[in-house]
Structures are given as C-alpha cells and as structure tokens.
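Peer 1: Below are the sequence and a predicted model; questions follow.
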Amino acid sequence: MKRTNTCGELCSTDLGKDVCLQGWVRFSRDHGGILFFDLADAYGITQLVYDPEDVDEGVDKTSLASILDSFTRESVVSVTGTVRERVAGTEDARNPTGKVEVLIQDAELLSRSLSPPFEIGEQKEHLLPAEDTRLRYRYLDLRRAEMIRCLRFRHRVISLARQYMESASFLEVETPLLTRSTPEGARDFLVPSRVHPGSFYALPQSPQLFKQMLMVAGVDRYYQLARCFRDEDSRADRQPEFTQFDIEMSFVDREDIITIIEGMVSHIWRGLFDEELETPFLRLSFDEAMSLYGTDSPDLRFDMPMVDVTEIVRETPYDIFQRVLSKKGSSICGLNVKGSDGAEGLGRNEVDRLISWIKRHGMGGMTWMRVTDKGLDSNIVKYFTPEVQNGLIEAMGAEDGDLLLFLAGPRRKVLEAGGLLREKLAADLGLIKEGSHQFLWIIDCPMFEKDPVSGNLTAFHHPFVRPVGVLSDDVQGESYDLCLNGVELGSGSLRNHDVDVQRRILSMLGLSDERMEDDFGFFLEALSYGAPPHGGIALGVDRMVSIMLGKESIREVIAFPKNKRMHSPFDGSPTPVDDEKLSELQIMSLAMDDIDFDDIDIEE
RNA sequence: GCCCCGGUAGUGUAGUGGCCUAUCAUGUGAGCCUGUCGAGCUUUCGACUCGGGUUCAAAUCCCGGCCGGGGCGCCA
C-alpha cells in the first residue's frame, strides 16, 4: 500500500480515516502490552499505537506483534491503521499531530536500520555529537528536524530570490564550469584535459568574465546561482566550493544595482521573516568605515565608533603618547565604553585582560580612564590639563560612568586593532541584539592596494572595476560591497566597458602586453565589439542563509560541506587515482613517494 | 607555512600524578510494566587518539605525530 499521508499532517479532522503512513521509527515505548511509536519523516511526527484490545477482528495479533518487535530505531516502516483521538489528558500540545494517533492494524518493515551512532530525535544543541561525527553520518544528521529546517529555509531564500529576479525580467543563464585559468585572484582548482594533454581547465572562481561577455552579447539583465571554486584555506564562512547569487546589468548606474539588491533582499526578508527592511540601507565610504570602525565590513548592530583624538592630546606631556606621536603617520584613537561602572561593566581586572589581549594584536598597550562626576579618573590623568580632559570628554561624548580606552601607534594599525577591540567589547558585554540584521553598503573602495614590500599594485576587488574618474594608483573604484552584521555578503561594481581603460588597469597590475593577450585577449576582444556600460554584484548565498538562521558556520546550511581541511567526509574525496587514469591525462604525481625519476624519459 | 583550543564506552561527559579495577547520562542486549511521548523500573555490555619521554607511579606532566575545530597568512 502507498502512503496516504505524511507524518506531519494528520489532525482532528482526519478522525476515523483509514491511513497508511511510512517513515522512520524515531522512538518506541513498550508498556508491556500497549506499544507506542513515534513515526517521523521530513514533515513531522505522528504517534502510532498498537493496542491488542482495540485492533479489528480478524487481525493476526501474534504475527503483527512480531513484526512490530522488529521496528528498531530509525528503521523504515509502513503501517496502516485508523486515525483516532488520543485518550483524554494524553494529548501532546507541542506536536501539531499531537491530538491524534494511528491505531496500527497492519505493519511492514521496509528497511531495517542499524543502531544509529547518535541521537536523531530533537535535542538540545550541546548534546549533539562532534561535528565530524555529524558529517560522517550526514544522512542521519540531516534527518534531524533542525537540519531539515535549514535545508528548507535555504531553498526558500533561493526560491524568493529567483521569484524576484523573474519579476524584474532577469534572464537566468548558466556559464561554464570548465573555464580558463587566469593569473589574478585565488588559487584555481585545475581540471586536466585528456584531448589536450598538458593543458588544463580551471573551475571558475566566479563567472565574472562570462557575465560581462553576456552583457556585451546584449543579454542586458542576467542572474545565476553560480557555484564558485577557490583553492584557499577554509574558515567558518569559507568553503572551497560555494554558491553566489550572481547578477549583472547593462545601461545602469550604481543606484540601479543597489536598488535591485535592496529590493531582492527586502523581498526575501518579507517572505521569510514577515519583516519590512528599512531601505535604502545605510552607506559608508571605505574611508569612513576604516576611520570609524577599523574594518571594511563593520558590524553596525551596535554603535561605538572610534574617535581620533590625536590633535587633542598632541601637546600632552604623557610620555607614551609623545613617543608614539614623534613618529610620522601615528594616531591616537579612543573608544567610549558607555555605562561601564555598573555590575555589567568592566572592572580593573577586565581592563587588564583587554590590555594583554590587545598586545597580542600588535599594540604596545592601552591607555584607559574612567569618567566620573568629578571628571576623568585614572593613574595618568595628571598628565592631561583640564582643557585636554574637557576636549576628550567632548570629543568622545563621555558621561559619568563611561570607560574611555585609547590606542596609540601607526594609524592603520591603531584603526584595525581598535576595530577588533570594538567587536570584542560588543561580544563580551553582550551589546549585540540576537536576531537583529543590520545591512550596510561600503562604497568608494580604492581600486588598488600596494604591496608594502614589493610596492606592486594588486586589485582591491578585481581588475574589472571601473575607476571613479581618471585612472591613477590611488583612484577609487565604482564599487559597492554589501555587509550584513559585520560580514561581507557581497561585492559589486560598475565595470570597464572602455577597452583602453581596461588595458591600462591590467597593465598597472603588472601584466605585460603579451601576458594580457594570452590571459585576457578573448575578453578584451569582446570589450572591443561594442560593450555597453554595465555592472553587477554577487551575493554569498551560504553566508546570507547562515546569518539569517543565526548559525556559526556555513557548513550548517550546506547539505554536504567539506571539512576544515577540505576533505569530504561523505565520499572521502580527494583521493589518489589509478595510474591508468593519470597516464591517459599524461600526468604524473610528485606526491607519490615511489616515483623513480631515473625511469622517466624526458623528451627533448 | 604559523598561532590557539580540543581528542576518555556508539554518543555526550566527570576525572589537574597514587583515591581509576575510570564518573554520570544516553545508547545497546535481556527482563518487567496497558496511555506513554527523549516513557519508567531492574540488569548487561561498552572507553583513556597514537608513539616516545619524565616518574616508584601517567587518562592526568613533557615532546612529537595523527585527527577535529577557531584564527593569522591566503581568499583578484
């Protein structure tokens, strides 16, 4: 018999129906005569009951009982029976099907399960097995309602995004996975070619050049759920393969693209949280973000900007500040920890701990003072004149009960360490409201970064960003990065449709004319046949979904993720392959320690 | 490449040099139990990541490996 219902749908309106349910035996309870089973599937749990006194006439109780005896945990079973009300007082209010139960009349074991290696029933997070055990048995882990919820949630995000793009007349186009290796960017995953021995495809780090060529083709509005590959070390929010929601548009300016993204994200939030996001999102320039928060992806769920007090304290005879300020390019920045004298605040011990913490992040130390009703207070305020003290109080908006922290050193280092300190303070003091979402655009990023050692330029984003105005080493790009809760969700820009500008940028990045032709000739040629002004953006789907669900790692929202060492616990990849396969590709591995190089004939 | 944290029954844990013949829970096997719902009760089984070292004595301290996680570098 086929199943008539899922395990999540029977309720009081189904009373008296004859049904067939199929699913997994999650729990069973034997009361010595009467048996209960929790039958689970992706939709819910329905209680089955075997009551020998209530089964229909003609049912072979002995054989039914012996079948039920084989219903071990997580075995897949099929039962037919009658929906009935539970005995008064035994309803389960936590379960949507908790008012009814199915009286078993017939049963069949479809597939017996070994004893599961860990508990699959709903449970508290801290009782979960270690992640590597969960990953090794991912098919069991995914049976858990919480994981099904994550998969379904991710599906809804994608589905809403598609729906929005459809309504905005975007065309979904697939681009190749076997592509060309290019010099810039992350390390490529390479795929050897059998037909062209010695040559390799690369898996795409993003569909960047293809989507731009689609614009040249006149596609006008493109999107794709693009799988991307980068052979770099992983992190909680980085996997070697990941998914981007990739978008490109022609004949648009920055505002058009930002509007589309804000519209799409709002559509998703409306659909999943029934919440109206405030648009337009906040914006900060790259310089503002660095100056105020010391990072290009600040978390604005809490306020606590850095204040540059360099000029206020410049003449102060406090030796530490004087020594730092005697060096060019030094700054002194302060953070105001509001209301820090209460029970929730930071005592002397906590401040000492912060000082040793900040030393591990490259600072020589940290200066601190408390704000009292009588003014500033600490062992070093004697070096600060009343005018300077008032200047600090005013600049930092200090009030009675605040704690002021100051870092001194090279400007960039101070800002970055201050940014880390700011986030640590927020985490330690619980300043971040759980479940809140704060979007932010970072605009006007530099086009280039200069390698401090070699002095060579590298692209801040990628080499295809259009400069704002005239091209130079320190020009800004027409870029816009979307941040959510301090995480970079996506990066976008207007692109170069002028092939000459594009050539000059590649040249500034150190590509010779020859290299440029070899690596990007096909693309530059495309730009030479009438490229429309265009731009786009790509959003990290895994990151967005994991933040929406409040998960610490994107692995929680990927069905089969790689582990930290880029190993796949499911299929054991990567693996060595047979020599036959390698020789067909004319490849020899140097990692095998049994190669005898004397045996190798090298052709002239 | 580097730094930090961790590794005890199937699972989650306790155990900071001798009280360890290693705790507790859950699970597993057996039994009891007619309204439970992560049922309950009785009982059984089951573990110190590996290799070296220190010590009279190591789960415990030291060194190294392996495995897992967080981070730096890297991620145009």
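Peer 2: Great, that's in hand.
Peer 1: Check the secondary structure at the residue lying closest to residue A:276 once chain neighbours are set aside for me.
Peer 2: Closest residue to residue A:276 apart from its sequence neighbours, by CB to CB, 6 or more residues apart in numbering: residue A:270 at 6.6 Å. To be clear about C-beta, it is placed using only N, CA and C from the backbone, and glycine gets the same treatment. Recorded secondary structure, residue A:270: helix (DSSP: H, G, I helix; E, B strand; the rest coil).
Peer 1: ok, how many other residues are close to residue A:270?
Peer 2: Summarising burial for residue A:270: neighbours were counted as other CB atoms under 10 Å, giving 13.
Peer 1: so what pLDDT did it get?
Peer 2: Residue A:270 carries a pLDDT value of 98.
Peer 1: For it, give its distance to residue A:531.
Peer 2: Applying CB to CB, to the nearest Å, one obtains 36 Å for the distance of residue A:270 from residue A:531.
Peer 1: got it, and residue A:250?
Peer 2: From residue A:250 over to residue A:531 the distance is 9 Å, taken as CB to CB.
Peer 1: which residues do these two both contact?
Peer 2: Contact with both residue A:250 and residue A:531 is made by residues residue A:215, according to CB atoms under 8 Å, 6 or more residues apart in numbering.
Peer 1: what about the residue lying closest to residue A:232 once chain neighbours are set aside, which helix or strand?
Peer 2: Distances taken as CB to CB, 6+ apart place residue A:186 nearest to residue A:232, at 5.2 Å, with adjacent residues excluded. Using DSSP states H and E, no element contains residue A:186; it sits outside every helix and strand.
Peer 1: again, but for residue A:428
Peer 2: Here residue A:428 is assigned to helix A:411-429, by DSSP H and E.
Peer 1: Check whether whichever helix or strand comes after that helix comes near RNA strand B.
Peer 2: Downstream of helix A:411-429, the first helix or strand assigned by DSSP H and E is strand A:439-443. No: contact check for strand A:439-443 against RNA strand B, using CB under 7 Å from any atom of the strand: none in range, with a minimum separation of 14.6 Å.
Peer 1: helices or strands up against strand A:439-443?
Peer 2: Contacts defined by 3 or more CB pairs under 8 Å, 6 or more residues apart in numbering; DSSP states H and E place strand A:439-443 against helix A:254-273, strand A:282-285, helix A:286-293, strand A:479-484.
Peer 1: Off-centre distance for it?
Peer 2: In this view, strand A:439-443 has its centroid 17 Å away from the chain centroid, taken as CA atoms, centre = their mean, to the nearest Å.
Peer 1: ok, now stretch A:154-165?
Peer 2: What separates the centre of stretch A:154-165 from the centre of its chain is 17 Å, taken as CA atoms, centre = their mean.
Peer 1: Could I get the average pLDDT for it?
Peer 2: Here the mean pLDDT over stretch A:154-165 is 98, rounded to a whole number.
Peer 1: ditto for stretch A:394-406
Peer 2: This predicted structure assigns stretch A:394-406 an average pLDDT of 92.
Peer 1: which residues sit against that stretch?
Peer 2: Residues external to stretch A:394-406 that are found in contact with it (CB under 8 Å, 6+ apart): A:307, A:309, A:312, A:332-342, A:345-346, A:351, A:354, A:366-373, A:376, A:392, A:421.
Peer 1: Please apply the same query to stretch A:57-65.
Peer 2: Residues outside stretch A:57-65 that contact it (CB under 8 Å, 6+ apart) are A:50, A:52, A:55, A:104, A:105, A:106, A:107.
Peer 1: Please check these and keep the buried ones.
Peer 2: Taking 16 or more other CB atoms under 10 Å as the criterion, what is buried in the contacts of stretch A:57-65 is A:50, A:55, A:104, A:105, A:106, A:107.
Peer 1: JSON lines for these, including pLDDT and distance to RNA strand B?
Peer 2: Supplementary listing: the buried ones among the contacts of stretch A:57-65 in JSON lines, determined by pLDDT from 0 to 100; distance: CB to the nearest atom of the strand, whole Å:
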{"residue": "A:50", "pLDDT": "95", "distance to RNA strand B": "9"}
{"residue": "A:55", "pLDDT": "89", "distance to RNA strand B": "11"}
{"residue": "A:104", "pLDDT": "96", "distance to RNA strand B": "11"}
{"residue": "A:105", "pLDDT": "95", "distance to RNA strand B": "14"}
{"residue": "A:106", "pLDDT": "95", "distance to RNA strand B": "17"}
{"residue": "A:107", "pLDDT": "95", "distance to RNA strand B": "16"}
